[in-house]
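K.L.:
attaching a predicted model along with its sequence, questions to come.
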Amino acid sequence: MMRALLLIVTALLVGCGPSDPPAVPNFAGTWGHQRVFGIDEVCGKTLPDGSLRAVDCPERNDAAPAVASGTDFPTYKPEFIAKVDELRTRQVSMDTVLRCYPPGVPRIGPPAKIVQNAGEVIFLYDDANGSFYRVIPIDGRTHRTGISSSYLGDAIGRIEGDTLVVETVNLTDETWLTDNGAFHTKGLRVVERLRRVGDTIEYQATAHDPTILAEPWTLPVRVLRRSDRELEEPPRCEERDLAHMVDATQYHDNPR
Amino acid sequence: MRVLLAIALLAVPLSAHHSIVGQFDVSKKVTVRGTIIRVDWINPHPYVVVESAGKGTTRWAFSTAPIAMLRKVGLTKERLAGNPGEVVTVIAHPALNGRPMGWITKMTYSDGRYFLFSE
């Protein structure tokens, strides 16, 4: 009798009957990532008198991401290389992200904050070009139809084990995949994979645009770490620099 | 281009975005002493407008890193602006086009405090 009771209590406590669905990993939180505008994060050191010095952030000894890293630039089909070269040469006048337009996907990079409930995941961004958000259903819905293309497109997600997979389509072709003339078409499909590893997220995006790309472009892995800094609203974006560019053909580097 | 930019980043660790090397001479520095007229707390680069004293006055527009980076270092608009009418000494990389503009490397306030963005 006592043994049977013990078994029942144990089963109730463990609560893992054969029909229970697998646990959904939790991606919610505020996440920092090392690179801002393509350079390593800089930390501040306040001196006793209130002075402030910009210093290199302490090095972290993280394990290497489990997935293979990607490349910095997509590979275009031969017939589109000349167009990329031309856009690269004229990028300061052609790249809309320099004029405070939304950067698009995947250029916007990983989210700064993730809100998650049973049916959806919400990505929040504190980008220099504005406060952006993406609502990503994870309840099995398919892509919406009958809506206009947009900078951040239409996203749906699914959980695969420890990974959130986000697929985005219906993106405008006004944005670039990255700097240096990396244009794309409205047929772009972006798959982002966010894998929970300990107290980090490994974030990696792959751009599929088979009309112009020789192969899907997988970007380098970004490791996101929990941050205790809550988001702050970015100030408005107002471009004032370009008018003072002396050499506007070469000097542009704004990877995200 | 990336090599040139990498060199610039070594010299200007708080620099970023697109315009630094094409807009400022990172091999030179100017020193300007004057009064902070206003701080334009905008992205992608905030501006500190400083009116210099001397033979006639000149309004300088000093630019610096994007707001997100300044926040991570610990700078706010209020800390950058200092007290009303704050007199500062700004060391900056001058604009390539000769206009009174610069990329801040160090700002020293009237009480001796300073913000050092690069050596």
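P.N.:
All right, it came through fine.
K.L.:
okay, the closest residue to B:Thr57 other than its chain neighbours: pLDDT?
P.N.:
Distance criterion CB to CB, 6 or more residues apart in numbering or on different chains; nearest residue to B:Thr57, sequence neighbours excluded, is B:Glu51 at 5.2 Å. For glycine as for every other residue, the C-beta is placed from the backbone atoms N, C-alpha and C. Per-residue confidence at B:Glu51 stands at 97 (pLDDT).
K.L.:
give me the element B:Glu51 is part of.
P.N.:
With secondary structure defined by DSSP states H and E, B:Glu51 is part of strand B:47-52.
K.L.:
which residues does that strand contact?
P.N.:
For strand B:47-52, contacts defined as CB atoms under 8 Å, 6 or more residues apart in numbering or on different chains pick out A:240, B:32-40, B:57-64, B:80-81, B:88, B:90, B:104, B:107.
K.L.:
let me know the secondary structure of the residue nearest to the spatial centre of chain A.
P.N.:
Centroid check for chain A by CA atoms, centre = their mean gives A:Pro110 as the closest residue, at 2.3 Å. Of the three states, A:Pro110 takes coil according to DSSP: H, G, I helix; E, B strand; the rest coil.
K.L.:
where does the closest residue in space to it that isn't next to it in sequence fall, secondary structure wise?
P.N.:
Counting by CB to CB, 6+ apart, A:Pro110 lies nearest to A:Tyr203, which is 4.2 Å off, once chain neighbours are set aside. Element membership for A:Tyr203, per DSSP H and E: strand A:200-208.
K.L.:
tell me where chain B has strands.
P.N.:
In chain B, the strands defined using DSSP state E lie at B:30-40, B:47-52, B:58-63, B:87-94, B:101-108, B:114-116.
K.L.:
nearest to A:Trp176, of those?
P.N.:
A:Trp176 lies closest to strand B:58-63 among the strands of chain B, at 24.0 Å (CB to CB).
K.L.:
neighbours of residue 55, how many?
P.N.:
As the question left the chain open, I've gone with chain A. 13 (other CB atoms under 10 Å in any protein chain shown).
K.L.:
I was thinking of chain B, sorry if that wasn't clear
P.N.:
If you count neighbours by other CB under 10 Å, B:Lys55 ends up with 6.
K.L.:
just A:Thr75 next, same as before
P.N.:
11.
K.L.:
my guess is it contacts A:Leu213, does it?
P.N.:
Yes. The criterion here is CB atoms under 8 Å, and A:Thr75 meets it with A:Leu213 at 6.5 Å.
K.L.:
thinking again about what came up before, tabulate the strands of chain B (CSV), appending mean neighbour count.
P.N.:
What follows is the strands of chain B, written out as CSV (neighbours: other CB atoms under 10 Å in any protein chain shown):
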stretch, mean neighbour count
strand B:30-40, 16
strand B:47-52, 20
strand B:58-63, 20
strand B:87-94, 21
strand B:101-108, 23
strand B:114-116, 22
